[in-house]
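>>> prediction below, plus the sequence it came from.
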Amino acid sequence: MPDWVVEVFLVLVFAGAAVFLLVFVWQLALSLFVPRSVVFVQLLLAESPELQRRIGKIARSADADAAGQLPEMFRQAVRATLKASPDWVYGHAVVERGRSGAMTRRLAALAVLARAAFTVETTSNQQDGRDDGPEVQADTSTRADGAPLYFAVSLGAVTTRTLRALPPGPQNAEQLRAVLEELAQKGNIEEVQVIWSPDTPGEFLTDNQALGKYPDLGKL
């Protein structure tokens, strides 16, 4: 083999390695230094059995281990929640921006608080269409005749998008809808949380339970 062929081959190898290294460094810099937004929306809906069924179906029907499936499952849950907006009664959204690690930890903390509202687990872990979580027992009780019943859903994500911070004070349905519409768009979703309760179809939270477990949610 001529020497010049060997030299060209080595140049191409080193050039390829250099490009790979540059791409790796660039991606690392993006992950470490590009700010992220954390978004966490909690809603209490008036019963809304259709949303309850839809979110359960989304969780059971997709393979969470497949590439890109978790963000897509999250967007489907967001779109289903937007479709159920006529049933929204109470809600609250958190929108913050900061370093990647801090926003990931913030989302995890908000999700822990949402789950901690229940002394009995009311959401299940779905994996590959199987219910891998503990046995689900709905935390509901008998309501007085005519009293409202509620379905609770929490949707959280870490994204590279810059979302507009919500003004202090009471929030309204239009503000929460705008936040969810942003999350429903494709791309740039890194971490997701979807929490709903009760998990058992046809069971809902009483007025006292819902407001007691979600005291920070305001009337929409």
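In hand now; what should we look at?

>>> quick one, helices of the chain?
In the chain, the helices defined using DSSP state H lie at 3-33, 49-61, 69-83, 100-116, 173-183, 207-213.

>>> which helices and strands sit right next to the second one?
This means helix 49-61. helix 69-83, strand 149-159, strand 189-197 (3 or more CB pairs under 8 Å, 6 or more residues apart in numbering; DSSP states H and E). The way it works is simple: take the backbone N, C-alpha and C, and place the C-beta from them, glycine included.

>>> could you check the angle helix 173-183 makes with the shortest one?
On the basis of axes from the mean of the first three to the mean of the last three CA atoms, to 10 degrees, strand 189-197 is oriented at 130 degrees to helix 173-183.

>>> and the first one, by the same measure?
Using the same axes, to 10 degrees, the interaxial angle of helix 69-83 with respect to helix 173-183 works out to 150 degrees.

>>> if we go by neighbour counts, what in helix 69-83 is buried?
Using 16 or more other CB atoms under 10 Å as the test for burial, helix 69-83 gives Leu70, Pro71, Met73, Phe74, Arg75, Gln76, Ala77, Val78, Arg79, Ala80, Thr81.

>>> so this protein: which segments form each domain?
According to automatic domain parsing, the chain comprises the domains 1-33, 35-219.

>>> least confident of those domains, on average?
Ranked by mean pLDDT, the domains of the chain bottom out at domain 1-33, with a mean of 60.

>>> ok, of the buried residues of helix 69-83, which one's closest to Ala178?
Val78 (12.3 Å; CB to CB).

>>> which residues touch the closest one?
Shown in contact with Val78 (CB atoms under 8 Å, 6 or more residues apart in numbering): Leu155, Leu180, Leu183, Ala184.
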